[in-house]
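Q: Let me see the structure of the following:
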Amino acid sequence: MAMKNKIIRFAAIEAQALFDKEHQLIEQVKSNQLEQVLLLWQAKQPTLVLPAGKKWAVSEELVDTLSELGWQLTARKTGGAPVPQLPGIINLSHIYTCSDDKPYDIKTAYMQLCNILSEFFRTLGINVDVHATPNSYCDGDYNLNINGQKIVGTAQRVLLKKDGGRVVLSQACIIIDADVERIVEPVIVCNRICHYPAQIEANVHTSLFNHMTERPNVDFLFQRLTDAFLAHAP
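A: Coordinates of the predicted model:
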């Protein structure tokens, strides 16, 4: 990446500390100090991340129940539903300026991210399909799936710059080596306490290592993701 671009990696970081860092980087892109940032990270502790909004109110019951299950709780301003984070799930945030000569189109932006991630999986010998995954947590039309099971969820947020331009925050959450029964448990609990009727099923999710004979480390996977972005990002 060029001089005003940055690649940052955290193999283990508290989720809230990461979101604080992400916010700082967004502000740097909004103020033209940076053109784009690729942020790769993995949570240090099991943490359920709530999206912003009154629908997902943080209550004492929710905090205590999740704590009993071994989960912390925090929130961020993207996504539409609770997302579990823990070691074994890696994440990326691509923060970039939307050029004036190419107006932002949400479908195009999502597919750019999905195409880069598809290339990442191809380098590992795995084919993925892009579609919604019924009964998955934080379901969306731009999930990446292996044989119908969700392995990646994506999200986007667009922010306005002071000079009138736009900054895009494009995100992905990749299940690498996690017990799917465990990762859906806090989501199911949160939905129940917040009176949200979505049905979540563990068996519609899968982990990368279920489809590989080798088990590469986080640094290796971060590098493969970086290579895919360097080769294919617009």
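
Q: isn't Tyr96 right next to Gly165, touching?
A: No. In this structure, Tyr96 is not within contact of Gly165 by CB atoms under 8 Å, at 11.0 Å. For the C-beta atoms, the positions are set from N, CA and C on the backbone; glycine is no exception.

Q: Show me which of these two is the more surrounded one.
A: Tyr96 (20 against 16; other CB atoms under 10 Å).

Q: Sheet partners, orientation included, of the host helix or strand of the more buried one?
A: Assigned by DSSP states H and E, Tyr96 belongs to strand 89-98. Sheet pairing for strand 89-98, assigned by DSSP bridges, gives strand 36-43 (antiparallel), strand 166-175 (antiparallel).

Q: buried stuff in the helix or strand that it is followed by?
A: Next in sequence after strand 89-98, counting helices and strands by DSSP H and E, comes helix 106-123. By neighbour count on 16 or more other CB atoms under 10 Å, the buried set for helix 106-123 is Ala109, Tyr110, Gln112, Leu113, Cys114, Ile116, Leu117, Ser118, Glu119, Phe120, Phe121.

Q: Tabulate these (a markdown table), appending distance to Asn203 and pLDDT.
A: A markdown table is the format used below for the buried residues of helix 106-123 (distance: CB to CB, whole Å; pLDDT from 0 to 100):
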| residue | distance to Asn203 | pLDDT |
| --- | --- | --- |
| Ala109 | 30 | 94 |
| Tyr110 | 25 | 97 |
| Gln112 | 30 | 96 |
| Leu113 | 26 | 98 |
| Cys114 | 23 | 98 |
| Ile116 | 28 | 98 |
| Leu117 | 22 | 98 |
| Ser118 | 23 | 98 |
| Glu119 | 27 | 97 |
| Phe120 | 24 | 98 |
| Phe121 | 20 | 98 |
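
Q: so Cys138 makes contact with Arg76?
A: No. In this structure, Cys138 is not within contact of Arg76 by CB under 8 Å, at 11.9 Å.

Q: Which one of those two is surrounded by more residues?
A: Comparing Cys138 with Arg76 by neighbour count (other CB under 10 Å), the higher total belongs to Cys138, at 22 against 19.

Q: Might you report the residue contacts of the nearest residue to the more buried one once chain neighbours are set aside?
A: Leaving aside its chain neighbours, Cys138 sits nearest to Ala81 (4.2 Å; criterion: CB to CB, 6 or more residues apart in numbering). Applying CB atoms under 8 Å, 6 or more residues apart in numbering, we find Ala81 in contact with Pro51, Tyr137, Cys138, Asp139, Val187, Tyr196, Ala198.

Q: And Ala81, how far from Gln33?
A: 32 Å (CB to CB, to the nearest Å).

Q: next one: Ala178
A: 35 Å.

Q: More neighbours: which of the two?
A: Between Ala178 and Gln33, Ala178 has the larger neighbour count (other CB under 10 Å), namely 20 against 11.

Q: Now do stretch 215-231: everything it contacts.
A: 1, 7, 9, 11, 38, 40, 42, 90, 92, 94, 116-117, 119-120, 123-124, 176-177, 209.

Q: Scan this structure for its longest strand.
A: strand 149-160 (DSSP state E).
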